[in-house]
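*Asks:* Give me coordinates for this.
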Amino acid sequence: MSDIASALVVLPVDGEATLVVSEQCLGYAASVTGFPVRPFRDLDPVLAPLARDPGGRVGLAGAAYVPASVRDRLIGALGGAALDPTTALADLKAVKSPAELRLLRKAAELTDLAMATIRDALADGRPHTERELARLADAAMIAAGADRTAYDSMVQAGPRSAYNLARPTDRVLQPGDLVMTDIGARYRGYVADGGRGFTYGPASPEKRAIVEAAAAAVEAGLAAARPGMLATELNAVIQRALVDSGHERHSGEARGHGTGHGTGMDPEEESPWIGPGNRTRLVAGMVFTLKATITVPGVGGLRTERIVHLAEAGADPLDTFPMRLYW
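*Replies:* Numbering: from 1, shown residues only. Predicted coordinates for the structure are as follows:
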């Protein structure tokens with residue numbers, strides 16, 4: 001199995017960091033990295049200083065994402081040293097610098113552009129498929145400066161909008177459809193994770209109520225977010241709004257799935273997770289999403305998601321596209 005998708009950064013308490021990558025990526029990695037880069041075949045000597053103390057402990061950041069083959073090599077190279085999962089790097093990544101924030105704000109601006117492109121395309125009154133709208137959104141973001149999409153763009157219409165996650169198809173949007181979109185841009189290494197839903201043409205009161213309930217839940221979270229509160233406390237605000245709207249049965253967030261996640265170099269970063277029982281204390285400078293998903297089988301659904309910078313005064317949304325959309 002190729003190791004081309006794997007990389008490790010070794011950070012000793014004393015000494016210089018070392019990046020370990022696939023042999024095939026060595027030249028490129030060395031050209032963009034300011035510290036030593038070694039291939040995976042040199043992993044044992046790179047880790048040798050950490051393995052000398054048989055009673056020592058080594059933290060493993062991102063433990064949930066490390067392939068088993070890489071973990072096995074780490075354990076073997078460390079000898080008697082213990083390998084312990086740690087959130088230390090995730091907690092550092094959660095607080096963004098002013099430079100990172102500027103890049104994230106641009107990624108969010110490009111994501112807003114994708115939604116405006118879909119809106120404008122639908123205004124011509126001609127038939128449009130899910131796949132066509134997704135491609136138009138992607139092309140608009142890239143033409144405006146995005147490196148690429150943050151993930152596969154999702155456009156799901158009618159009954160398909162009741163799927164939590166699905167790729168677009170050749171289904172043509174029909175009047176009265178609920179439409180779920182989940183689209184994000186990657187800009188210079190940073191990403192926005194954006195979700196919006198809308199009704200297309202005359203829609204039933206039930207479908208309009210879904211749009212309203214999801215937007216109101218996110219708005220409640222935006223109004224409540226403050227540095228110093230616990231992630232579980234912020235989650236409870238959005239979760240309660242969804243339950244009170246009567247959509248508990250058809251909302252994962254209302255049932256305790258969690259109502260947000262960190263965002264930065266990846267669409268979903270480890271910290272902070274805005275979810276039940278998470279006692280991470282939110283601090284100024286964190287960037288995360290707040291979201292509400294409602295999916296009713298046979299009717300449709302949507303995910304309303306806003307990317308937020310937590311400022312001293314409260315939530316500072318990075319995306320600005322409206323959340324109540326009736327097209």
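*Asks:* From the chain's centroid, how far away is stretch 89-96?
*Replies:* Remark: stretch 89-96 is offset 14 Å from the chain centroid, using CA atoms, centre = their mean, to the nearest Å.
*Asks:* what residues does it touch?
*Replies:* Residues from elsewhere that reach stretch 89-96 (CB atoms under 8 Å, 6 or more residues apart in numbering): 61-62, 104, 262, 264-265, 269-272, 280, 283-288, 309. Quick note: C-beta positions are derived from backbone N, CA and C, even for glycine.
*Asks:* Next, the buried residues of that stretch.
*Replies:* 89-91, 93-96 (16 or more other CB atoms under 10 Å).
*Asks:* Return the member of those residues nearest to residue 299.
*Replies:* residue 94 (36.4 Å; CB to CB).
*Asks:* does the nearest residue to the closest one once chain neighbours are set aside belong to a helix or a strand, and which?
*Replies:* Setting aside the residues directly before and after it, residue 94 is nearest to residue 271 in space (CB to CB, 6 or more residues apart in numbering), at 4.2 Å. For residue 271, the element it lies in under DSSP states H and E is strand 269-274.
*Asks:* just checking, what packs against that strand?
*Replies:* Here strand 269-274 touches helix 88-94, helix 231-244, strand 260-262, strand 287-296, going by 3 or more CB pairs under 8 Å, 6 or more residues apart in numbering; DSSP states H and E.
*Asks:* For the stretch 1-150 of the chain, give me the ranges with low pLDDT.
*Replies:* 1-2, 53-54 (pLDDT under 70).
*Asks:* Mind jotting down where the helices sit in it?
*Replies:* 26-32, 43-51, 68-78, 88-94, 98-122, 130-143 (DSSP state H, counting those that start in this stretch).
*Asks:* And those helices: which comes nearest residue 16?
*Replies:* That would be helix 43-51 among the helices of the stretch 1-150 of the chain, by CB to CB, at 10.9 Å.
*Asks:* how many neighbours does the closest residue to residue 115 other than its chain neighbours have?
*Replies:* Nearest residue to residue 115, sequence neighbours excluded (CB to CB, 6+ apart): residue 321, at 4.8 Å. Residue 321 is flanked by 18 other residues according to other CB atoms under 10 Å.
*Asks:* Report whether residue 321 is found in a helix, as I expect.
*Replies:* No. If the criterion is DSSP: H, G, I helix; E, B strand; the rest coil, then residue 321 is coil and not within a helix.
*Asks:* What number of neighbouring residues does the residue nearest to residue 122 when sequence neighbours are not counted come out with?
*Replies:* Once flanking residues are discounted, residue 122 sits nearest to residue 327: 5.5 Å by CB to CB, 6+ apart. Residues near residue 327, counting by other CB under 10 Å, number 14.
*Asks:* ok, residue 327 touching residue 200?
*Replies:* Yes. Counting by CB atoms under 8 Å, residue 327 does reach residue 200; the two are 5.5 Å apart.
*Asks:* Mutual contacts of the two, please.
*Replies:* With contacts defined as CB under 8 Å, 6+ apart, the residues shared by residue 327 and residue 200 are residue 122.
*Asks:* which residues touch residue 307?
*Replies:* 104, 108, 111, 192-194, 263, 287-289, 317-319.
*Asks:* hang on, the earlier thing: and the contacts of stretch 89-96, which are buried?
*Replies:* Listed as buried from the contacts of stretch 89-96 are 61-62, 104, 262, 264, 269-272, 280, 285-288, 309; burial here means 16+ other CB under 10 Å.
*Asks:* domain assignment for this structure?
*Replies:* 7-86, 94-317 (automatic domain parsing).
*Asks:* which of those sits most buried?
*Replies:* domain 94-317 (a mean of 20; mean count of other CB atoms under 10 Å).
*Asks:* measure it end to end?
*Replies:* End-to-end distance of domain 94-317 (CA to CA, to the nearest Å): 16 Å.
*Asks:* again with stretch 71-91
*Replies:* Stretch 71-91 stretches 22 Å from its first residue to its last (CA to CA).
*Asks:* Dump the C-alpha coordinates for the top strand by length along the chain into PDB.
*Replies:* Using DSSP state E, we find that the single longest strand of the chain is strand 300-311. This file holds the C-alpha atoms of strand 300-311, laid out as PDB (Å, rounded to 0.1, in the frame of the first residue of the first chain):
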ATOM      1  CA  GLY A 300     -37.000  17.200   1.800                       C
ATOM      2  CA  GLY A 301     -34.600  19.000   4.000                       C
ATOM      3  CA  LEU A 302     -31.600  21.300   4.300                       C
ATOM      4  CA  ARG A 303     -28.600  22.100   6.300                       C
ATOM      5  CA  THR A 304     -28.100  25.700   7.300                       C
ATOM      6  CA  GLU A 305     -24.400  26.300   8.300                       C
ATOM      7  CA  ARG A 306     -22.500  29.400   9.100                       C
ATOM      8  CA  ILE A 307     -18.800  29.700   9.600                       C
ATOM      9  CA  VAL A 308     -18.000  31.900  12.600                       C
ATOM     10  CA  HIS A 309     -14.900  33.700  14.000                       C
ATOM     11  CA  LEU A 310     -15.300  34.000  17.800                       C
ATOM     12  CA  ALA A 311     -14.400  37.600  18.600                       C
END
